[in-house]
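**Student:** build me a model from this:
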Amino acid sequence: MENEKLVNLAKTAMIHSYSPYSRFKVGAAALSDEGSIYTGCNIENASYGATMCAERVAIYASIAAGNKNIKKIAIVSSSDKFTYPCGMCRQVMAEFMQADGIIVLSQGEETKEYRIGDLIPNVFHFSN
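**Tutor:** As a prediction, the model looks like this:
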């Protein structure tokens, strides 16, 4: 999957952002290992703890559709800077992406790629 296509889908998702408090719009597009794409936007709430990041919305949409393995995710925002995933999103990505899963950040015409293992090297895993 070309990064450009994934970034464009993330930009389209960003249009639907519900961000009346921060005015900070974010969009994401997640590519499952089987080739399906799921998008998400950030959704704020007056009770800030109920706010959901675009990355998790996209990943959770994939999971709800039965796809639990994300190969790549693109993240865009209304900021003039690159928008990196927050700690909670990184943890969710680490659970549903392999360590070599790719995160594509886009700002304007420039993109950067990271492996999830580089952004969260010591991931928390539940063990019994």
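**Student:** before we move on, which element is the spatially most central residue of the chain in?
**Tutor:** With distances taken as CA atoms, centre = their mean, E55 lies nearest the centre of the chain, 2.6 Å away. Here E55 sits within helix 54-64, counting by DSSP states H and E.
**Student:** which parts of the chain are strands?
**Tutor:** 26-32, 37-41, 70-77, 97-107, 110-115 (DSSP state E).
**Student:** among these, which is nearest R90?
**Tutor:** Minimum separation from R90 across the strands of the chain (CB to CB) falls at strand 97-107, 8.8 Å. Heads up, the C-betas are built off the backbone N, CA and C, glycines and all.
**Student:** ok, back up a step: okay, the residue nearest to the centre of the chain: pLDDT?
**Tutor:** pLDDT, E55: 98.
**Student:** tell me the spacing between it and K72.
**Tutor:** Relative to K72, E55 is positioned 12 Å away (CB to CB, to the nearest Å).
**Student:** overlap in contacts of those two?
**Tutor:** Both E55 and K72 are in contact with A30, where contact means CB atoms under 8 Å, 6 or more residues apart in numbering.
**Student:** so the nearest residue to S77 once chain neighbours are set aside versus L6, what's the distance?
**Tutor:** Using CB to CB, 6 or more residues apart in numbering and skipping residues adjacent in sequence, the residue nearest S77 is T83, 3.8 Å away. Distance, T83 to L6, by CB to CB: 15 Å.
**Student:** many thanks, have a good one.
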